[in-house]
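Q: show me the folded form of this:
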Amino acid sequence: MYEQITSNKVKSFLLVLFFVAFIFLLVWVFEELTGWGRGGFILALAISVVMAVGGYYYSDRIVLAISRARPVTREEFPYLYHTVEGLAIAAGLPAPRCYVIEDTAPNAFATGRNPKNSVICVTTGLLQKMNRLELEGVLAHEMSHIKNYDVLLQTVAVVMVGVVALLSDWMLRSLWWGGGRRKSRDRSGNAGAILLLVGIVLAILSPLVAQLMQLAISRRREYLADASAAMLTRYPAGLASALRKIAADPEPLEAANKATAHLYIVNPLKNVGGKVNRLFSTHPPIEARIAALEKMSFERT
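A: Residues are numbered from 1 along each chain as shown. You can find the predicted model right below:
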């Protein structure tokens, strides 16, 4: 169990480190080709940070509104409240607010910029179709996202993707208007041509590479949340069973869309398959997640 959690944390860190190194490579090539210096990077970073900060502080309200979620009372769903409060105590966190989506498809997500401003949202289908141990596993998974500050990490990843997208766009425009060609002429023939070719390839492909790295980080955090949830409940079989049920449920989640799909415990957009599509998926394959959970064992007290 502890090895699984440590492995997921290390892999997430390495992905972020690689992301940062990739941005610095792009900045260096950008500066060499256009002569803009660090100003282009600073401007791209400033714009991305402003956009991300706005999303960071208001994303929970936006997501809840898009999902047509409503707050629930303790009297309406007492077991939901009691389980969330018990898991919050076990995790050493303030109890998140509870919301529900009126939808028969079972699913759940967590949002909020930090543990003090967090929300766990479940569908009515999840409450109806899961037994107590399965529901506890799902709620523990979402509690783990809150505890692990996954919303913050995803915000950082969004900033990085924004920086890469702006830099690549500016690089292409600069090359189009001749900045890169003028700089390359100042170099020896072959070196200038090679650098220009590298710059064009990077400018075209870097947004795609950045997006793939962001999705890879998202998938690693799902594994980490699964492992952390198993530690909270001491019963990984409950979450594994819940994942099977949610993935096998044929009903579509009407409130979900491509903008919010990454938040849910299981991708609510069902038609995702194949090796290529998995590269662009925010979630690891369900079979792999269940297999990882089945390797864990605890004595439930």
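
Q: and the residue nearest the centre of the chain, how far is that from L80?
A: Centroid-nearest residue in the chain, with Cα atoms, centre = their mean: S218, separated by 3.5 Å. According to Cβ to Cβ, to the nearest Å, S218 and L80 sit 26 Å apart. The C-beta positions use only the backbone N, C-alpha and C, and glycine is treated the same way.

Q: got it, and L26?
A: Taking Cβ to Cβ, one finds L26 at 46 Å from L80.

Q: looking at these two, which is more packed in?
A: L26 (23 against 19; other Cβ atoms under 10 Å).

Q: these two touch, right, the more buried one and L202?
A: Yes - here L26 reaches L202: they are 5.9 Å apart, a contact under Cβ atoms under 8 Å.

Q: give me the common contacts of these two.
A: Counting by Cβ atoms under 8 Å, 6 or more residues apart in numbering, the residues touching both L26 and L202 are 168, 171.

Q: now do the top helix by length along the chain: which elements does it pack against?
A: The single longest helix within the chain, with elements called by DSSP state H, is helix 189-233. Helix 189-233 sits against helix 2-34, helix 78-91, helix 132-147, helix 150-176, helix 179-185, helix 236-248, helix 286-294, with contacts defined as 3 or more Cβ pairs under 8 Å, 6 or more residues apart in numbering; DSSP states H and E.

Q: want to throw the ones you listed into TSV with mean pLDDT?
A: Formatted as TSV, these follow (pLDDT from 0 to 100):
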stretch	mean pLDDT
helix 2-34	69
helix 78-91	95
helix 132-147	96
helix 150-176	71
helix 179-185	49
helix 236-248	96
helix 286-294	94
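
Q: could you pull up the residues touching I265?
A: Residues near I265 by Cβ under 8 Å, 6+ apart: 107-109, 138, 141-142, 243, 246.

Q: repeat that with 7 Å
A: 107-109, 138, 141-142, 246 (Cβ atoms under 7 Å, 6 or more residues apart in numbering).
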